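K.L.:
Quick one, fold the following:
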Amino acid sequence: MFVFGNLFHAVAFILDSILSIYMWIIIISALISWVNPDPYNPIVRFLHTVTDPVLRPVRKLLGMAMGVDISPLIVILIIMFIKHFIIASLFDIASKMR
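P.N.:
Numbering: from 1, shown residues only. Predicted coordinates for the structure are as follows:
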């Protein structure tokens with residue numbers, strides 16, 4: 001049974017790492033959007049390519065609240081919920097299987 005515990009622990013760790021990296025990418029993208037970046041810059045294009053598929057549905061659902069785009073905040077809150085509920089549950093399952 002400890003093998004499955006290690007498997008759940010590894011999956012939870014990898015998902016936690018991926019979600020943390022993606023959360024920082026969203027934060028960086030939101031901060032860069034404040035300074036009117038060059039749209040042809042490869043870094044800016046990468047950030048938009050990675051974050052727009054997730055932010056676009058949230059923007060469409062919420063619209064612009066008083067002229068401010070709060071979609072990055074909503075997506076970060078969703079990521080935090082996933083990390084504290086689903087990932088934490090996977091870590092708990094892994095520890096009980098060991």
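
K.L.:
Check which helix or strand the nearest residue to Ile26 once chain neighbours are set aside maps to.
P.N.:
Using C-beta to C-beta, 6 or more residues apart in numbering and skipping residues adjacent in sequence, the residue nearest Ile26 is Pro72, 5.1 Å away. (Each C-beta comes from the backbone N, C-alpha and C, glycine too.) For Pro72, the host element (DSSP states H and E) is helix 71-82.

K.L.:
Packing partners of that helix?
P.N.:
Contacts defined by 3 or more C-beta pairs under 8 Å, 6 or more residues apart in numbering; DSSP states H and E place helix 71-82 against helix 2-33, helix 42-62.

K.L.:
Out of the ones you listed, flag the one nearest Met97.
P.N.:
Met97 sits nearest to helix 2-33 of all the helices and strands packed on helix 71-82, at 3.2 Å, using C-beta to C-beta.

K.L.:
Spatially nearest residue to Asp38 (excluding sequence neighbours)?
P.N.:
In this structure, Asp38 finds its nearest non-sequential neighbour in Val44, 6.4 Å apart by C-beta to C-beta, 6+ apart.

K.L.:
Actually, Phe4.
P.N.:
Met97 is the one closest to Phe4 (C-beta to C-beta, 6+ apart), at 5.3 Å.

K.L.:
so what's that neighbour up against?
P.N.:
By C-beta atoms under 8 Å, 6 or more residues apart in numbering, Met97 lies in contact with 1-2, 4-5, 8.

K.L.:
Just the buried ones from those residues?
P.N.:
For the contacts of Met97, a burial check counting by 16 or more other C-beta atoms under 10 Å picks out Phe8.

K.L.:
Could you single out the nearest of the contacts of Met97 to Ile26?
P.N.:
Out of these, the member with the shortest distance to Ile26 (by C-beta to C-beta) is Phe8, at 26.6 Å.

K.L.:
wait, what's in contact with the closest one?
P.N.:
Shown in contact with Phe8 (C-beta under 8 Å, 6+ apart): 90-91, 93-94, 97.

K.L.:
So for Ile86, which of the helices and strands packed on helix 71-82 sits nearest?
P.N.:
For the helices and strands packed on helix 71-82, proximity to Ile86 was assessed by C-beta to C-beta; helix 2-33 is nearest, at 7.9 Å.
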